[in-house]
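**Student:** Structure of the sequence below:
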Amino acid sequence: MTTDMPNVLTVDDDSRLLRGLSRGLEESDYYVLTAISVAEAGVHLERERIDVVVSVQRMPGVTGLTFLSAIKEQYPWIRRVILSGTVEAYSGWDLSRHAHGILEKPCSVERLQQEIETVLQAELR
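**Tutor:** Predicted coordinates for the structure are as follows:
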């Protein structure tokens, strides 16, 4: 895949939510890849240039923060956003070790687009 648009990988074990977010993001200026598991996401990460990974926190077998931490180690240039049903549970955490942004799930496509733009413009840490 070669594109000038930012490449966004969305990861969620809920295929219905994944399709909805992906359709909304495709209408903006992103090339969107989807994965229903961490294993599937790993295939995309190995084969494609990914600019942003958006992952849910709760997935079978692994948390989103653990997954995003692994991405940070292996692909430090990729921006990372976590979607969680309980954002307040992370107050006081240093999320920068894991993610560049956090959003409460469910979130609107517009809010996700804003967060992606914010992390794309932010300096990597």
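**Student:** any idea which helix or strand carries residue 4?
**Tutor:** Counting by DSSP states H and E, no helix or strand carries residue 4.
**Student:** Would you mind measuring from it to residue 122?
**Tutor:** According to CB to CB, to the nearest Å, residue 4 stands 20 Å off from residue 122. All C-beta atoms are positioned from the backbone trio N, CA, C, and that covers glycine.
**Student:** quick one: which of the two has more around it?
**Tutor:** Neighbour totals were compared for residue 4 and residue 122, and residue 122 leads with 11 against 6 (other CB atoms under 10 Å).
**Student:** Quick check: residue 30 touching residue 9?
**Tutor:** No. The criterion here is CB atoms under 8 Å, and residue 30 misses it with residue 9 at 10.2 Å.
**Student:** which residues does the residue positioned nearest the centre of the chain form a beta bridge with?
**Tutor:** Residue closest to the average C-alpha location in the chain (CA atoms, centre = their mean): residue 54, at 0.9 Å. As for beta bridges, residue 54 partners with residue 10, residue 81 under DSSP bridges.
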